[in-house]
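Peer 1: got a predicted model here, sequence first, then my questions.
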Amino acid sequence: MVRARHTALMDLMDCAVLVVEADDIVSEANDLGWRLLGSAPGSRSVSVRAALLDGLVDAVRQARIGVPVRQVDLCGQVRSDTSAVASAVRLGGAESPVLLVVRDITEVKRLETVRQDFVANVSHELRTPLASIRALAETLEDGAMGDPSVAPRFLGNIISETQRLTRIADDLLALTEAETRPVTEAEVALDELILRVTQKLAPQADATGQTLDVEVEPGLRVAGNADRLEQVLINLIDNAMKYTQPGGRLAVRAGQQGQIVRIDVSDTGIGLMQHELERIFERFYRVDKARSRQSGGTGLGLSIVRRIVEAHGGTVTVTSELHKGSTFTVSLPALAAPDEPRASVTPAAHAQVL
Ligand code: ADP
């Protein structure tokens, strides 16, 4: 009974647990422990030394002389792409076995890097307009205020930089909301929503001589939050307009295939290189920073799109050819009839799209 409990406890732990005897032989381990040593679960008599993990051997040696080891970094020894930490403690007096615990912290480290990059990016994005505002205000203070040939332009620039700061703050808020708040489930008439949004944006396309074709199958219904789905459409269509030359063609097509509602937003614009296709969904990533800034972009639009679509159980993918154009495809589970199970969009369903 005690033994069964002990084994169950070890197997439940999501870290490698090993008991190392005085001769460095592992007498007991959970599945992750055996895997760490490169042995089949339930193996017997494997030496930690044979696993060639110097950090582990050192940790065991230290614990054996009575110095407990806490969370030492194994510095990529388990696998070059894995970060792990080890702790070790002697289970009694001299000559007693050592308990060794190894925890995979790869995901924790990855998230920490994402967080640090995000903070660095936000600071950078805020500092740029703030520095411009300050320089312009100081120049005005130093006398330019009385010079009618520059004062109105400088004031105009200050206003546009503050508008930029507002856009960044709004997008950061939208991103946080999309990431943290659960989607309110309500029936959304996606066909009507698409028609409404495209009508609203059509004058913007018209102004640069772009044509906007819209083909929407009637009766498209999904479960979700209409405001957030509207934001997805606005961001994608706005990008299609921004990254397509005047006179280019834009199209929004939507229809249902089985249990999936699919929306394609295509353009005949500048397109993207293959290696950029995944990166553009990262926060603050832009292919051409100057161009994005000039057109009022924050580099957050597509990350907001991806978060919202994923929160609705869907996916967003892109196909593109440089100088020819791009197509962004949003797939969402169609609203099921009350007694039908809800569909889900798995990445596999999109393999052909990528
Ligand atoms: P931005 O505010 O810069 O538009 P997004 O997150 O919306 O930020 O887009 C990220 C980057 O992806 C853009 O800077 C642009 O380089 C690229 N991109 C987005 N949509 C398109 C498109 N339709 N055609 C070409 N490039 C695009």
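Peer 2: Thanks, I have the structure now.
Peer 1: and the contacts of the helix or strand containing Leu193?
Peer 2: Per DSSP states H and E: Leu193 is located in helix 190-207. For helix 190-207, the surrounding residues in contact (Cβ atoms under 8 Å, 6 or more residues apart in numbering) are 211-212, 214, 216-222, 226, 229-230, 233-234, 237-238, 241, 250, 252, 254, 261, 263, 332. C-beta here means a position set from N, CA and C on the backbone, and glycine is covered the same way.
Peer 1: now swap in stretch 243-255 and tell me
Peer 2: For stretch 243-255, the surrounding residues in contact (Cβ under 8 Å, 6+ apart) are 190-191, 194, 198, 205, 208-217, 220, 233, 237, 240-241, 261-270, 325-326.
Peer 1: which among the residues you listed end up buried?
Peer 2: For the contacts of stretch 243-255, a burial check counting by 16 or more other Cβ atoms under 10 Å picks out 190-191, 194, 198, 205, 210, 212, 214, 216, 220, 233, 237, 240-241, 261-270, 325-326.
Peer 1: the ligand contacts on the stretch 201-350 of the chain?
Peer 2: For the stretch 201-350 of the chain, the residues in contact with the ligand (Cβ under 6 Å from any ligand atom) are 235, 239-240, 243, 267, 269-272, 280, 285-288, 292, 297-303, 326.
Peer 1: inside helices: which ones of those?
Peer 2: Counted as lying in helices by DSSP state H, out of those, are Asn235, Asn239, Ala240, Ser292, Gly301, Leu302, Ser303.
Peer 1: tell me the one among those residues nearest to Ser132.
Peer 2: Ser292 (16.2 Å; Cβ to Cβ).
Peer 1: wait, isn't the closest one in contact with Arg286?
Peer 2: Yes: the pair Ser292 / Arg286 is scored as a contact, 4.0 Å apart, by Cβ atoms under 8 Å.
Peer 1: which residues do those two both contact?
Peer 2: In contact with both Ser292 and Arg286: Gly299, using Cβ under 8 Å, 6+ apart.
Peer 1: distance check, the closest residue to Arg228 other than its chain neighbours against Asn225.
Peer 2: The spatial neighbour of Arg228 that comes closest, neighbours along the chain excluded (Cβ to Cβ, 6 or more residues apart in numbering), is Ile308 at 4.7 Å. Distance of Ile308 to Asn225, given as Cβ to Cβ, to the nearest Å: 8 Å.
Peer 1: now the chain, which segments are flagged as low pLDDT?
Peer 2: Residues of the chain meeting the criterion pLDDT under 70: 1, 40-46, 48-52, 181-183, 336-354.
Peer 1: report the central residue of it.
Peer 2: Glu282 (6.0 Å; Cα atoms, centre = their mean).
Peer 1: among the buried ones among the contacts of stretch 243-255, which are in strands?
Peer 2: Members of the buried ones among the contacts of stretch 243-255 lying in strands (criterion: DSSP state E): Leu212, Val214, Val216, Val261, Arg262, Ile263, Asp264, Val265, Ser266, Asp267, Gly325, Ser326.
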